[in-house]
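>>> No sequence on hand, only this structure:
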Ligand code: NOJ
């Protein structure tokens, strides 16, 4: 591959990903080439021109490795092969070449905190207490004084994300293994240097194959606080506790990530290409302070993190999928806090959607379908005009919505199914539990990509593994491709804006009107260029009391999701977003 972007001397100051937009593909739901109802790599390959026409710089592909698919591929049984359902290694080579030919990069999704229970490492580890790989996973005896398998005998009281206990008894040796996620996803023991060495070798093997970086799954969970201890009891009275404090950003996390960077990333091509790779760590519960340390180029750990603060604001902390009302003031304050916190060093990733989150337009946009398109464009405007690297989740660029699940049987996701069973068995009204799934289930994001108005939205000629959203005849890529007013065309303009204007990528950020519950407004400044972003997140007109509004009204209107306003006021129409530019602004006084 030839990288036409110059490798800068100060790679972190101008690294490509600082002005990039990344597109996430969930391969299972993107495009199916062979009619088995499951998306695959040849399907993705057939859609590369679509991605190129969007203008994105890199594509992050969720796991396609060999896997029993207990968690749709986040349970890996062979890191160095492709699951037959998705294709072959030759398809990955073709994907790398196809992306590079079109000037895009490939970011692999690597799951380093756990493997599948079908991984040969785990098969070996569980075979006996004396196995040379016994210590590659977390094995513990039953709690003192209790026979293995008896109630409460688990080594700690932690609840798993996808099943009641985070511990599973293995009858063969009478010990328990730790699985923070499903019983089929045993946690690797990063305290063992052989484990880390094997993972680093695997990552280098992929770089040798030509990939351009990694999205690291729940990477802030790899360092556990020793000894493993009970956590505070969780609500629900079922005896489970919250192990969070024992595995989120544990004591060796910075050391591990620095080591990974040194062993895998540093000096990869020896020709100044260092800094052309991208690493993004998925980090549930990460604090801003820790994120600053993780992403400060001086610490050489990861380039950016996926933090969760803003996507937790509308979630009831005591109930994974239950809702609490979201205030616009909280959402914009949260993003602004991260803008400020990572301004001096470090870097933000910017996202509203991914394969674990409900559809952004259903969650943050208007409930009135008349404003679906306007709100999809507004949300994109606001997000992409923040400082950081924006991520577009497949279908977001079409304004795809949540799925109208009519019954819990339509949900395939392991987390959602577990949630529903637990809620109903603990006495919750099934209708209420179903309402939570409709709002929050990860399957909202996983219904097939809507390509056109033909059967199954052009995703497959077979039966799709998850139903296609019935709104596909109206919302699909073909209908939007040549329509200059479509959400898709708007995304193209927005992505081009970031490439064209250095202020979008690098400018300082200042939040305006923090107390306004309808208007989201901020400025960006770089040198003598200043942008004003102003958006109305409500179903009716709303006035924005922008400081210096007369001056701004005379500025150049760079981008908007509505025709230009008829007058010079800042009364915005329902779900209207505008981006203004002032050039040649006097520099603010120094000091
Ligand atoms: C985070 C991934 O995004 C999610 O899809 C997965 O279920 C868990 N990690 C476990 O790997």
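Sure thing, it's come through. All values derive from a computational prediction rather than experimental measurement.
>>> can you list the residues of the stretch 251-400 of the chain near the ligand?
Residues of the stretch 251-400 of the chain lying close to the ligand by CB under 6 Å from any ligand atom are 282, 355-356. Bear in mind the C-beta positions are built from the backbone N, C-alpha and C, glycine included.
>>> at 8 Å what do you get?
Residues of the stretch 251-400 of the chain lying close to the ligand by CB under 8 Å from any ligand atom are 282, 284, 354-356.
>>> What is the burial count for residue 255?
Neighbourhood size, residue 255 [other CB atoms under 10 Å]: 11.
>>> That one is in what secondary structure piece?
Residue 255 is part of helix 253-260 when elements are defined by DSSP states H and E.
>>> Any buried residues in that helix, and which?
By neighbour count with 16 or more other CB atoms under 10 Å, helix 253-260 contains the buried residues 253-254, 256-260.
>>> With stretch 537-554 instead?
537-539, 542, 544, 546, 549, 552-553.
>>> sorry, back to before: could the buried residues of helix 253-260 go into a markdown table alongside distance to residue 44 and pLDDT?
Formatted as a markdown table, the buried residues of helix 253-260 follow (distance: CB to CB, whole Å; pLDDT from 0 to 100):
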| residue | distance to residue 44 | pLDDT |
| --- | --- | --- |
| 253 | 33 | 98 |
| 254 | 35 | 97 |
| 256 | 31 | 98 |
| 257 | 29 | 98 |
| 258 | 33 | 97 |
| 259 | 32 | 97 |
| 260 | 27 | 97 |
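>>> Of the residues you listed, which is the nearest to residue 565?
residue 257 (47.6 Å; CB to CB).
>>> Nearest residue to the closest one in space, ignoring adjacent ones along the chain?
residue 301 (3.9 Å; CB to CB, 6 or more residues apart in numbering).
>>> Specify the local secondary structure of that neighbour.
Judged by DSSP: H, G, I helix; E, B strand; the rest coil, the three-state class of residue 301 is coil.
>>> my guess is it contacts residue 291, does it?
No - counting by CB atoms under 8 Å, residue 291 is not a contact partner of residue 301; they are 10.3 Å apart.
>>> Quickly list what's touching both of those two.
The contact sets of residue 301 and residue 291 do not overlap (CB atoms under 8 Å, 6 or more residues apart in numbering).
>>> picking that back up, which secondary structure elements does the helix holding residue 255 contact?
Packing partners of helix 253-260 (3 or more CB pairs under 8 Å, 6 or more residues apart in numbering; DSSP states H and E): helix 193-209, helix 288-295.
>>> Remind me which helix or strand residue 557 belongs to.
Element membership for residue 557 (DSSP H and E) is strand 556-560.
>>> now the helix or strand that that strand is followed by: mean pLDDT?
Going down the chain from strand 556-560, the next helix or strand is strand 571-572, by DSSP H and E. The average pLDDT within strand 571-572 is 98.
>>> and stretch 446-464, how far from the chain's centre?
Centre-to-centre, stretch 446-464 and its host chain are 23 Å apart (CA atoms, centre = their mean, to the nearest Å).
>>> Wondering if it reaches the ligand at all.
No - judged by CB under 8 Å from any ligand atom, stretch 446-464 stays clear of the ligand, getting no closer than 9.6 Å.
>>> What residues sit buried inside that stretch?
Using 16+ other CB under 10 Å as the test for burial, stretch 446-464 gives 446-452, 456-460, 464.
>>> Just want the residue of the stretch 51-200 of the chain that's nearest the ligand.
Proximity of the stretch 51-200 of the chain to the ligand (CB to the nearest ligand atom) peaks at residue 74, 3.4 Å away.
>>> Leaving out sequence neighbours, find the closest residue to that residue.
Residue nearest to residue 74 in three dimensions, not counting chain neighbours: residue 111, with 5.4 Å by CB to CB, 6+ apart.
>>> Show the contacting residues for that neighbour.
Counting by CB under 8 Å, 6+ apart, residue 111 touches 63, 74-76, 217-218.
>>> Low-confidence stretches in the stretch 251-400 of the chain?
269-275 (pLDDT under 70).
>>> about what we covered before: pick the most deeply packed of the helices and strands packed on helix 253-260.
helix 288-295 (a mean of 20; mean count of other CB atoms under 10 Å).
>>> so that one versus helix 253-260, what angle?
Relative orientation of helix 288-295 versus helix 253-260 (axes from the mean of the first three to the mean of the last three CA atoms, to 10 degrees): 20 degrees.
>>> which residues touch whichever helix or strand comes after helix 288-295?
The element immediately downstream of helix 288-295 (helix or strand, assigned by DSSP H and E) is strand 304-306. Applying CB under 8 Å, 6+ apart, the contact partners of strand 304-306 are 17, 215, 220, 279-283, 286, 291, 294-295, 346-349, 351, 354, 388-389.
>>> Now, the residues you listed that are in strands?
215, 279-282, 349, 389 (DSSP state E).
>>> For the ligand, state which of the residues you listed is nearest.
Distance to the ligand across the ones in strands among the contacts of strand 304-306 (CB to the nearest ligand atom) is lowest for residue 282, with 5.9 Å.
>>> The closest residue in space to the closest one that isn't next to it in sequence: neighbour count?
Nearest residue to residue 282, sequence neighbours excluded (CB to CB, 6+ apart): residue 306, at 4.6 Å. When counting by other CB under 10 Å, one arrives at 24 neighbours for residue 306.
>>> repeat for the one 4 residues further on
By the measure other CB under 10 Å, the count of residues near residue 310 is 20.
>>> what's the nearest residue to it if we skip its chain neighbours?
Once flanking residues are discounted, residue 310 sits nearest to residue 334: 4.5 Å by CB to CB, 6+ apart.
>>> how about the residues of the stretch 101-250 of the chain near the ligand?
111, 113-114, 161-162, 181, 185, 217-218.
>>> between these, which is nearest residue 563?
Comparing these against residue 563 with CB to CB places residue 217 closest, at 43.4 Å.
>>> The residue of the stretch 351-500 of the chain found nearest the ligand: what's it in contact with?
Residue nearest to the ligand within the stretch 351-500 of the chain (CB to the nearest ligand atom): residue 356, separated by 4.7 Å. By CB under 8 Å, 6+ apart, residue 356 lies in contact with 442, 445.
>>> The one 4 residues further on too?
By CB under 8 Å, 6+ apart, the contact set of residue 360 is 352-353, 376, 379, 393, 396.
>>> Quick check on it: phi, psi?
Per-residue torsions, residue 360: phi -60, psi -40 (degrees, to the nearest 10).
>>> how much space between it and residue 393?
Residue 360 sits 8 Å away from residue 393, going by CB to CB, to the nearest Å.
>>> And the helices in the stretch 51-200 of the chain, which stretches?
Assigned by DSSP state H, counting those that start in this stretch, the helices in the stretch 51-200 of the chain fall at 89-101, 120-127, 193-209.
>>> How about residues contacting the strand or helix carrying residue 505?
Residue 505 belongs to helix 502-506 when elements are defined using DSSP H and E. For helix 502-506, contacts defined as CB under 8 Å, 6+ apart pick out 18-19, 384-385, 387, 497-498, 524-527, 529-531.
>>> next one: stretch 73-83
If you take CB under 8 Å, 6+ apart as the criterion, stretch 73-83 is touched by 27-28, 41, 62-69, 86, 88-89, 91-92, 110-111, 114-120, 181-182, 184-185, 202, 205-206, 217.
>>> got it, and stretch 243-259?
For stretch 243-259, contacts defined as CB under 8 Å, 6+ apart pick out 156-159, 166, 180, 190-191, 196, 200, 219-225, 228-229, 231, 281, 283-287, 290, 293-294, 299-302.
>>> And for stretch 281-289?
215-221, 244, 248-249, 257, 290-291, 294, 301-302, 304-309, 337-338, 341-342.
>>> Now, of those residues, which are buried?
Judged by 16+ other CB under 10 Å, buried ones among those: 215-221, 248-249, 257, 290-291, 294, 301-302, 304-309, 338, 341-342.
>>> in this protein, which residue is closest to the centre?
What sits nearest the mean C-alpha location of the chain, by CA atoms, centre = their mean, is residue 354, with 4.6 Å.
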